[in-house]
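Student: what's the 3D shape of this:
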Amino acid sequence: MLGVSDDVPLLDDLMPWSVAPLRLGRDWVVAPDEQTLRARWDLLVRSEGAERERLFAPTRSRTLSSPAAALPGRTGGTGPLARERGACPRPVRLRYGPFDEQWLLADQRLIDAARPELWRVADERQLFAVEQAYAPKTPGPALTVSAALPDGRSPTGRPGRVRPLYRRPGGLEPNLAPGLLALLSTTYAVEVTAPDVLAWAVAAGRAGPAGCAVALPRDPHLWCAGVALGHRMTAVMTRGARGGDKPRLPGGRRPYVRAALPARPEQLRYDAAEDTLRVGDEGRIAPVPASAWEFEAGGVRLLPWWFQRRTEPAEPGTLAAVGPSAWPQEWTSDLLELITVLALLAELAPQQAELAAGSHLTRMDLRAAGVLPVADAARRPASVFDHHEEGPGGQFALV
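Tutor: Numbers count the residues shown, from 1 in each chain. This next block holds a predicted model:
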């Protein structure tokens, strides 16, 4: 396998603008369902004084007296939370870890580091590439893609890097090294687009201690095959969020609920002999391929991790302990979708190994073409002048 020592470009060379992962500061601002977040908010704003402070769980970055600007594209309160009595901020979808879709209270007063530069470019055209934190000798994808805003962390909480595909709203100004698209279009004698580069990186990227290595082939046929594979992987990872179909296994292999899930399941087990996922003592989902059960990211099996996040008891009396009294139907739907996503990605994985064949463009080639080194300006967020943002206390700032 090619490595950085072979002068293989890094994703950081190709997609130079990256953002650190979100730092939430408190776990209760994220939940698998919107109703839970609204219940937590209502409990917080009904409380007073020391009780509100205890429920909020202040940190050095955020206290009840900390004003904060509204997140770009969002409306809501900007004054100190100590005086807040208003309605719950509208929750937004969050990619919480590599493949877990949850909900987030979109209020910057609640989040230690919300990364407004990501919110500024999040729209119906944007895709976020999440470079996974490197963990030696652990299986799993080096790069994932999300249509929802990602938190940018591994299942164990290790920080990765978030790289938006576009630097401006509306799918404008690709987050690519200047000159890269022209070089690749000439090399492969086809028009190469920004989504094509991302697709290739998803399919061919390899994790390493220096970052995600992305070997660019010299062979146009290999490029086209890898791009097609990467687009399929991206469609699966984003779950049809950009106009495509929801990921779906063929009819006879599609997972269904064979026995109703209990109200409060305490364990998740896999029966390999029957290709069945057992949820609690009574619930059964089948067929579930072993590849979905065994799928890992960052050294963690994703299905047990997903289940644990929804069933592990929180400290009593905290906002994190506020949740549904019984397993909601939407959690079952989310579980079926996750099984499908992991099974499809596992099926595509063998094709990824074929992309390492042949010779590749090196960093020296990119330097000779003037693509590298990347100018410092390309590593910083673009200025956005087409909308106002509400700052603390209600004033407006132009960014």
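Student: residue most distant from the centroid, this protein?
Tutor: Gly49 (35.9 Å; C-alpha atoms, centre = their mean).
Student: let me know the pLDDT of that residue.
Tutor: At Gly49, the model reports a pLDDT of 96.
Student: the lengthiest helix in the chain: what's the following helix or strand?
Tutor: Looking across the chain with DSSP state H, the single longest helix is helix 329-353. Of the helices and strands lying after helix 329-353 in sequence (DSSP states H and E), the nearest is strand 360-361.
Student: name the surrounding residues that touch that following strand.
Tutor: Leu2, Val8, Pro9, Thr187, Ala215, Leu216, Pro217, Arg218 (C-beta atoms under 8 Å, 6 or more residues apart in numbering). Where you see a C-beta, it was placed from the backbone N, CA and C, and this is true even at glycine.
Student: next helix or strand past that strand?
Tutor: Assignment by DSSP H and E places the next element after strand 360-361 at helix 363-368.
Student: mind listing what's buried in that following helix?
Tutor: Arg363, Asp365, Leu366 (16 or more other C-beta atoms under 10 Å).
Student: just the CA atoms of it, as PDB, please.
Tutor: The C-alpha trace of helix 363-368 is given here as PDB (Å, rounded to 0.1, in the frame of the first residue of the first chain):
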ATOM      1  CA  ARG A 363       3.500  15.800  -4.700                       C
ATOM      2  CA  MET A 364       6.400  16.600  -7.000                       C
ATOM      3  CA  ASP A 365       4.000  16.400  -9.900                       C
ATOM      4  CA  LEU A 366       1.600  18.700  -8.200                       C
ATOM      5  CA  ARG A 367       4.400  21.200  -7.400                       C
ATOM      6  CA  ALA A 368       5.500  21.100 -11.000                       C
END
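Student: let's see stretch 19-37 as CSV, backbone CA atoms only.
Tutor: Extracted in CSV, the C-alpha atoms of stretch 19-37 (Å, rounded to 0.1, in the frame of the first residue of the first chain):
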residue,chain,number,x,y,z
VAL,A,19,-12.1,23.0,10.5
ALA,A,20,-11.6,21.5,14.0
PRO,A,21,-14.4,19.3,15.3
LEU,A,22,-17.3,20.7,17.4
ARG,A,23,-16.7,20.9,21.1
LEU,A,24,-20.1,20.6,22.6
GLY,A,25,-19.2,21.0,26.3
ARG,A,26,-22.3,19.2,27.5
ASP,A,27,-23.9,16.0,26.4
TRP,A,28,-27.5,16.9,26.9
VAL,A,29,-27.6,19.2,23.8
VAL,A,30,-27.6,16.2,21.6
ALA,A,31,-30.3,13.5,21.5
PRO,A,32,-31.6,10.8,19.1
ASP,A,33,-35.0,12.5,18.8
GLU,A,34,-36.3,16.0,18.7
GLN,A,35,-38.9,15.5,21.5
THR,A,36,-36.2,14.7,24.0
LEU,A,37,-34.3,18.0,23.2
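Student: circling back: now the contacts of strand 360-361 in CSV, with pLDDT?
Tutor: Shown next, in CSV, are these (pLDDT from 0 to 100):
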residue, pLDDT
Leu2, 40
Val8, 96
Pro9, 97
Thr187, 98
Ala215, 97
Leu216, 98
Pro217, 97
Arg218, 97
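Student: only the buried subset of the residues you listed, as a ChimeraX command please.
Tutor: Restricted to buried positions by 16+ other C-beta under 10 Å, the ChimeraX selection for the contacts of strand 360-361 reads:
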select :2,8,9,187,215,216,217
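Student: in a markdown table, list the contacts of strand 360-361 along with distance to Leu165 and secondary structure.
Tutor: A markdown table is the format used below for these (distance: C-beta to C-beta, whole Å; DSSP: H, G, I helix; E, B strand; the rest coil):
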| residue | distance to Leu165 | secondary structure |
| --- | --- | --- |
| Leu2 | 24 | coil |
| Val8 | 21 | coil |
| Pro9 | 17 | coil |
| Thr187 | 21 | helix |
| Ala215 | 20 | coil |
| Leu216 | 17 | strand |
| Pro217 | 21 | strand |
| Arg218 | 24 | coil |
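Student: packing partners of the longest helix of the chain?
Tutor: Applying 3 or more C-beta pairs under 8 Å, 6 or more residues apart in numbering; DSSP states H and E, one finds that helix 329-353 contacts helix 194-204, helix 220-238, strand 256-259, strand 283-286, helix 290-294, helix 302-311.
Student: quickly note the distance from Leu181 to Gly226.
Tutor: 16 Å (C-beta to C-beta, to the nearest Å).
Student: what about the two, which has more around it?
Tutor: For Leu181 versus Gly226, neighbours defined as other C-beta atoms under 10 Å are more numerous around Gly226 (25 against 18).
Student: now the phi/psi pair for the residue lying closest to Gln267 once chain neighbours are set aside, please.
Tutor: Ranked by C-beta to C-beta, 6 or more residues apart in numbering and with sequence neighbours excluded, the top spatial neighbour of Gln267 is Gly280, at 6.5 Å. Per-residue torsions, Gly280: phi 70, psi -160 (degrees, to the nearest 10).
Student: got the contact list for Gly280?
Tutor: Leu261, Pro262, Arg264, Pro265, Glu266, Gln267.
Student: and with 10 Å instead?
Tutor: Ala259, Leu261, Pro262, Ala263, Arg264, Pro265, Glu266, Gln267, Leu268, Arg269, Thr311, Trp327 (C-beta atoms under 10 Å, 6 or more residues apart in numbering).
Student: any low-confidence regions in the stretch 101-250 of the chain?
Tutor: Within the stretch 101-250 of the chain, not a single segment meets pLDDT under 70.
Student: for it, which segments count as helices?
Tutor: 116-121, 180-188, 194-204, 220-238 (DSSP state H, counting those that start in this stretch).
Student: in stretch 155-166, what's buried?
Tutor: Pro155, Gly160, Arg161, Val162, Arg163, Pro164, Leu165, Tyr166.
Student: tell me which of those residues is nearest to Leu198?
Tutor: Here the nearest of those to Leu198, counting by C-beta to C-beta, is Leu165; it sits at 5.6 Å.
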